[in-house]
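Student: Need coordinates for the following:
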Amino acid sequence: SPGVTRAMNQVFGQVYAPAYDVLYRDKDYDGEIELLGRVFRQYAANPVRTVLDLGCGTGNHALRLSASGYKVVGVDRSSEMLAVAEQKAREQAVSLRVHQADIRYVHLGKTFDAVLMMFAVLGYQIEDEDVKGALRAARSHLRSGGLLVFDVWYGPAVVAQGTQERVRTMEDADSKWVRTSSGRLDVRRHQCHVNFHLRRTHDGSTIEETTERHTVRYFFPQEIELLLDGMGFQLLRLGAFPEFDREPDQTTWNVMAVAVAV
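Tutor: Numbers count the residues shown, from 1 in each chain. Got it, this is the predicted structure:
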């Protein structure tokens, strides 16, 4: 049968969502959950029991946290990604509540011990008002003393390293996925425009393919501190990610921030 081609304005859409877990199955989610547990123990004034995962995607952090004993609620604006998360929760017999919403405007009417925005979720908030909206929403769901934890692309490293084309190939049970990505930096606006071309083949024939353009913002340390301070947070730690004990430098594309709600 002929392949299906989609050009998506929506990111993480119908083709990308099911491919997501195949493409990122080598990502060390277990190690990240271990790190989050350590961060909770080290920086939280009170034990962390409830967690809000903003931009939870297919639930790779949320499901592991739930299996570890935390009460977790996930929020994402992609219904396709949430459908994958809910299916995985059923298969794993793990409790996970999810809400489809834009993380800038979500209002659940309850507070949590910790709020997460993992895997560059904050970087998908492009303009200052978008970032502030997401941080404001996070703050409104935290009691004073609660923790906000997020990872972002680190400006000094992004500018130093620049962008290059990358090809990633992964296989699942009956097909092969090939993702080609290329980027362009907008240094003035702290943005990286990434074009993804995703193709799924079976026995050499294309089953489906899609093109998505993702714009990801990168952040500098003082900028992070100022944005957090303006939204009711105090930055406690900015470390390399996932090597959180390392100080960030021009080699650390990803950093993780831990902030407390004041």
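Student: for stretch 101-119, how far is the first residue from the last?
Tutor: 18 Å (C-alpha to C-alpha, to the nearest Å).
Student: Show me which residues of that stretch are buried.
Tutor: 103, 104, 106, 111, 112, 113, 114, 115, 116, 117, 118, 119 (16 or more other C-beta atoms under 10 Å). Yep, even glycine has a C-beta here, placed from its N, CA and C like the rest.
Student: any chance of these in TSV, plus distance to residue 262, secondary structure and pLDDT?
Tutor: As requested, the buried residues of stretch 101-119 are arranged in TSV below (distance: C-beta to C-beta, whole Å; DSSP: H, G, I helix; E, B strand; the rest coil; pLDDT from 0 to 100):
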residue	distance to residue 262	secondary structure	pLDDT
103	21	coil	98
104	21	coil	98
106	21	coil	98
111	14	coil	98
112	16	strand	98
113	15	strand	98
114	15	strand	98
115	14	strand	99
116	19	strand	98
117	18	strand	98
118	22	coil	98
119	26	coil	95
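Student: okay, the residues you listed in TSV with distance to residue 256 next?
Tutor: Formatted as TSV, the buried residues of stretch 101-119 follow (distance: C-beta to C-beta, whole Å):
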residue	distance to residue 256
103	18
104	21
106	22
111	22
112	18
113	18
114	13
115	14
116	10
117	10
118	9
119	11
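Student: Between which two of the residues you listed is the distance greatest?
Tutor: Largest separation among these by C-beta to C-beta: 111 and 119, giving 23.5 Å.
Student: picking that back up, out of the buried residues of stretch 101-119, which comes closest to residue 151?
Tutor: Nearest to residue 151 among those: residue 118, at 6.0 Å, using C-beta to C-beta.
Student: Tell me where the stretch 101-250 of the chain is predicted with low confidence.
Tutor: By pLDDT under 70, the stretch 101-250 of the chain contains no weakly predicted segment.
Student: all helices for it, in order.
Tutor: Ranges of helices in the stretch 101-250 of the chain, per DSSP state H, counting those that start in this stretch, are 128-140, 155-161, 221-230.
Student: deepest of these, which one?
Tutor: helix 128-140 (a mean of 19; mean count of other C-beta atoms under 10 Å).
Student: tell me which strands and helices that helix is in contact with?
Tutor: strand 50-54, strand 112-117, strand 142-154, helix 221-230 (3 or more C-beta pairs under 8 Å, 6 or more residues apart in numbering; DSSP states H and E).
Student: who does the last one touch, helix- and strand-wise?
Tutor: To tie it back to what came earlier, the one meant is helix 221-230. In terms of contacts (3+ C-beta pairs under 8 Å, 6+ apart), helix 221-230 is packed against helix 128-140, strand 233-240, strand 254-261.
Student: looking at those, which is closest to residue 150?
Tutor: Closest to residue 150 of those, according to C-beta to C-beta: strand 254-261, at 5.6 Å.
Student: Just the C-alphas of that closest one, formatted as PDB.
Tutor: Written as PDB, here are the backbone C-alpha positions of strand 254-261 (Å, rounded to 0.1, in the frame of the first residue of the first chain):
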ATOM      1  CA  ASN A 254      21.800  20.100  28.800                       C
ATOM      2  CA  VAL A 255      21.500  21.500  32.300                       C
ATOM      3  CA  MET A 256      19.100  20.800  35.100                       C
ATOM      4  CA  ALA A 257      17.700  23.500  37.400                       C
ATOM      5  CA  VAL A 258      16.300  23.000  40.900                       C
ATOM      6  CA  ALA A 259      14.300  25.800  42.400                       C
ATOM      7  CA  VAL A 260      12.200  26.300  45.500                       C
ATOM      8  CA  ALA A 261       8.800  28.000  45.600                       C
END
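Student: Share the number of residues neighbouring residue 242, please.
Tutor: Look at residue 242: counted by other C-beta atoms under 10 Å, it has 16 neighbours.
Student: Report the separation between it and residue 124.
Tutor: According to C-beta to C-beta, to the nearest Å, residue 242 stands 20 Å off from residue 124.
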